[in-house]
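Undergrad: just the structure for this:
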Amino acid sequence: MRLVRWTPDDLVRRLDDVVAVYGEAMNYRADLLEARRGYIATHVRRPGFRAVASLTSEGHLAGFGYGYLGAPGQWWHDQVHRALDGAARRRWLADCFEVVELHVRPPAQGHGLGARQLTALLTMASGSTTLLSTPEADERRSRAWRLYRRFGFVDVLRHFQFPGDERPFGILGRDLPLTPQSPPDRAASAPGPDTP
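TA: Here you go, the predicted structure:
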């Protein structure tokens with residue numbers, strides 16, 4: 001498995017694969033995936049955009065992650081902004097890198113790909129904080145929640161409802177930069193991303 005840094009053009013070229021991995025990882029319906037395709041294509045133009053991908057030796061996409069600097073006028077940023085008080089807004093949103101997507105195909109999960117992707121993404125990220133949202137789940141059983149806790153993410157909002165999604169989400173955050181001491185040992189020993 002090879003971890004690579006993606007440019008915006010790299011992600012757009014592989015958009016079909018990205019949407020397929022997203023759908024498998026999130027178990028979303030086909031109609032939701034088509035809507036998501038358009039959003040992802042516009043995200044690559046956001047300031048501070050960073051992306052990574054995990055590729056098999058045959059070049060198949062096993063996982064990916066991307067994010068950018070959050071700003072007023074962005075849907076996710078504005079939803080979270082409205083739910084926070086003034087102090088929390090200043091703490092978390094003033095200079096924030098939003099981890100928008102971080103996914104691994106289910107058959108490839110459990111082998112450290114998510115940790116390597118998150119390490120690479122946060123190492124490249126600009127901003128003084130990072131935020132992400134993830135569906136609420138049993139933290140002891142959910143691979144995603146265990147990963148984020150190992151990386152030092154803390155609760156910012158819990159059981160948050162985004163319009164159009166019936167599931168509650170946790171909004172989690174941590175400070176940046178990601179230092180060599182801050183990722184878990186398994187992720188810290190992972191090689192950095194190659195340039196494709």
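
Undergrad: tally up the residues packed near Val80, please.
TA: Other residues within reach of Val80, judged by other C-beta atoms under 10 Å, total 26. No exception for glycine: its C-beta is placed from N, CA and C like everyone else's.

Undergrad: repeat that for the one 4 residues further on.
TA: Per other C-beta under 10 Å, the neighbour tally for Leu84 reads 16.

Undergrad: now it: how far from Asp78?
TA: Taking C-beta to C-beta, to the nearest Å as the measure, Leu84 falls 11 Å from Asp78.

Undergrad: at which residues are the strands of this structure located?
TA: With DSSP state E as the definition, the chain shows strands at residue ranges 2-6, 50-55, 61-69, 96-104, 129-135, 154-161, 168-175.

Undergrad: relative to Leu33, which of those strands is closest?
TA: Taking C-beta to C-beta, strand 96-104 is the member of those nearest to Leu33, at 12.3 Å.

Undergrad: tell me what angle the closest one forms with strand 129-135.
TA: 40 degrees (axes from the mean of the first three to the mean of the last three C-alpha atoms, to 10 degrees).

Undergrad: other SSEs contacting strand 96-104?
TA: helix 15-26, strand 61-69, helix 75-83, helix 113-124, strand 129-135 (3 or more C-beta pairs under 8 Å, 6 or more residues apart in numbering; DSSP states H and E).

Undergrad: what is the third one packed up against?
TA: This means helix 75-83. By 3+ C-beta pairs under 8 Å, 6+ apart, helix 75-83 packs against helix 86-93, strand 96-104, strand 129-135, strand 154-161.

Undergrad: repeat that for 7 Å
TA: On a contact count with 3 or more C-beta pairs under 7 Å, 6 or more residues apart in numbering; DSSP states H and E, helix 75-83 meets helix 86-93, strand 154-161.

Undergrad: okay, and the helix or strand of the protein with the least pLDDT?
TA: Lowest on mean pLDDT, DSSP states H and E among the helices and strands of the chain sits helix 185-188, with a mean of 43.

Undergrad: what's the closest of the strands of the chain to Arg13?
TA: Of all the strands of the chain, it is strand 2-6 that lies closest to Arg13, at 9.1 Å by C-beta to C-beta.

Undergrad: what's the mean pLDDT across the closest one?
TA: For strand 2-6, mean pLDDT rounds to 97.

Undergrad: what of stretch 144-162?
TA: 97.

Undergrad: now do the same end-to-end measure for that stretch.
TA: End-to-end distance for stretch 144-162: 19 Å, by C-alpha to C-alpha, to the nearest Å.

Undergrad: how about Ala144, nearest residue that isn't a chain neighbour?
TA: Sequence neighbours aside, Thr134 is the residue nearest to Ala144 in space, at 5.2 Å (criterion: C-beta to C-beta, 6 or more residues apart in numbering).

Undergrad: centre of the chain versus the longest helix anywhere in the chain, how much separation?
TA: Longest helix in the chain by number of residues (criterion: DSSP state H): helix 30-43. Helix 30-43 has its C-alpha centroid displaced from the chain centroid by 15 Å (C-alpha atoms, centre = their mean, to the nearest Å).
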